[in-house]
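S.K.: Quick one, structure for this:
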Amino acid sequence: MSLFERYLTLWVGLCIVAGIALGHLLPGVFHAIGATEVAEVNLPVAILIWLMIIPMLIKVDFSAIGKVREHWRGIGVTLFINWAVKPFSMAALAWLFVGHLFAPYFPPGQIASYIAGLILLAAAPCTAMVFVWSNLSDGEPDFTLTQVALNDTIMVFAFAPIVGLLLGISAITVPWETLLLSVGLYIVVPVILAQSVRAMVLTRFGTGGLKRLLHHLQPIALVALLATLVVLFGFQGEQIVTQPLIIALLAVPILIQVYFNATLAYLLNRAAGEAHCVAAPSALIGASNFFELAVAAAVSLFGFASGAALATVVGVLIEVPVMLSVVRIVNASKPWYESGAAVRRAGKVIGQAKQAVRL
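M.R.: Have a look, this model is predicted:
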């Protein structure tokens, strides 16, 4: 990771302080930003979200989906965690902690909104930082690329129905028009734009040109993320100053679901006999969240000053240190992982196949 990415949590913390301070000093400016809407979508935030998401999606090669058969066990495990476990486990944790155990510490009228934010955070798997986590854990790059491309494809169709279902279960009225607009605005359109840019650059300048473009775009994406946080915390400042405990309480279900999903994916891959270089990124993809999309959707659905927006921002705050801890765990446990009988059998089969090819 670059120096900037390595200390992302520090920059997020500074943006929190700056946003709160600016929100108190310049309330009129933030109210004007919040009022700049079209069809319940805030335009300044939409622009910032695009600047975050599009550079990340340019990295994704959707033709990699054709390689799914090479890592079918790891792909199957990760899809199961991402789409059948994580959104529902987070909804259960949010209901348990925010709705019941920690309920006395939250504003009564905002509890449902906080639950919604946590659901939005877990409903979409991470797209960008996964490449960093995979690299740090010596993950199989083809598997990581295939999984990200497949998840992004599924996200186009599954995000809105899953969010709508879970918000309905949580007794939250689902503004379907706004939700579908958010999916189109923050998933479909960025995917189309990003892939168009990717195809054009590859055609004209090759892979070298694409790498140069991504190198220039990465700082823009991170600056857009931090600018979005300043705006969000400008609106959330008063609530945070009066109840700072809320951030710590929201972090509890997020931390539990990260470690639970990472562990489950890791163990399932081991039981299936998948190689460690696939199991490691599988666990990391299963645990991480597409927080940029979550922030955008929360703002569109519930507004800047909502508990949902704050809940998604807490995910940004703890993303880097928590995922680095997961990387450390999967790296340290590699000898134990490879001692599994299923993994050894799979390794022997692969070795025999390679030997046969050489012969």
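
S.K.: Can I get stretch 265-278 in PDB? Just the C-alpha atoms.
M.R.: Provided in PDB are the C-alpha atoms of stretch 265-278 (Å, rounded to 0.1, in the frame of the first residue of the first chain):
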ATOM      1  CA  ALA A 265     -14.900 -18.500   4.600                       C
ATOM      2  CA  TYR A 266     -11.400 -19.600   5.700                       C
ATOM      3  CA  LEU A 267     -12.600 -22.800   7.300                       C
ATOM      4  CA  LEU A 268     -14.900 -23.700   4.500                       C
ATOM      5  CA  ASN A 269     -12.100 -23.300   2.000                       C
ATOM      6  CA  ARG A 270      -9.900 -25.600   4.100                       C
ATOM      7  CA  ALA A 271     -12.600 -28.200   4.300                       C
ATOM      8  CA  ALA A 272     -13.100 -28.000   0.600                       C
ATOM      9  CA  GLY A 273      -9.400 -28.600   0.000                       C
ATOM     10  CA  GLU A 274      -8.800 -25.200  -1.600                       C
ATOM     11  CA  ALA A 275      -5.200 -23.900  -1.700                       C
ATOM     12  CA  HIS A 276      -4.200 -21.200   0.800                       C
ATOM     13  CA  CYS A 277      -3.500 -18.700  -2.000                       C
ATOM     14  CA  VAL A 278      -7.200 -18.900  -2.800                       C
END
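
S.K.: Show me which residues of that stretch are buried.
M.R.: By neighbour count on 16 or more other CB atoms under 10 Å, the buried set for stretch 265-278 is 265-266, 268-270, 272-278. Glycine gets a C-beta too; all of them are placed from N, C-alpha and C.

S.K.: centre of the chain versus that stretch, how much separation?
M.R.: Once both centres are worked out by CA atoms, centre = their mean, to the nearest Å, stretch 265-278 turns out to sit 22 Å from its chain's centre.

S.K.: and if you look at stretch 130-143?
M.R.: Taking CA atoms, centre = their mean, one finds stretch 130-143 lying 15 Å from the centre of the chain it belongs to.

S.K.: what does it contact?
M.R.: Residues outside stretch 130-143 that contact it (CB atoms under 8 Å, 6 or more residues apart in numbering): 1, 5, 59, 64, 67, 70-71, 74-75, 144, 147-148, 275, 277-278, 280-282, 284-285, 288, 323-324, 326-327, 330-331.

S.K.: can you tell me which of these are in strands?
M.R.: When DSSP state E is applied, these are split such that none fall in strands.

S.K.: are any of those buried, and which?
M.R.: The neighbour count (16+ other CB under 10 Å) marks 59, 64, 67, 71, 74-75, 144, 147-148, 275, 277-278, 280-282, 284-285, 288, 323-324, 326-327, 330 as buried among the contacts of stretch 130-143.

S.K.: from memory residue 93 sits against residue 256, does it?
M.R.: Yes. Counting by CB atoms under 8 Å, residue 93 does reach residue 256; the two are 5.8 Å apart.

S.K.: okay, the two: which has more neighbours?
M.R.: A direct count of neighbours by other CB atoms under 10 Å for residue 93 and residue 256 places residue 93 higher, at 21 against 15.

S.K.: Verify the stated contact: residue 44 with residue 33.
M.R.: Yes. Between residue 44 and residue 33 there is a contact under CB under 8 Å: 5.3 Å.

S.K.: and the lengthiest helix in the chain, what other elements does it pack with?
M.R.: The longest helix of the chain (DSSP state H) is helix 189-242. Here helix 189-242 touches helix 3-6, helix 8-25, helix 27-35, helix 43-58, helix 245-272, helix 291-302, helix 307-332, going by 3 or more CB pairs under 8 Å, 6 or more residues apart in numbering; DSSP states H and E.

S.K.: Now do the third one: distance to the chain's middle.
M.R.: Taking CA atoms, centre = their mean, one finds the center of helix 27-35 at 28 Å from the center of the full chain.
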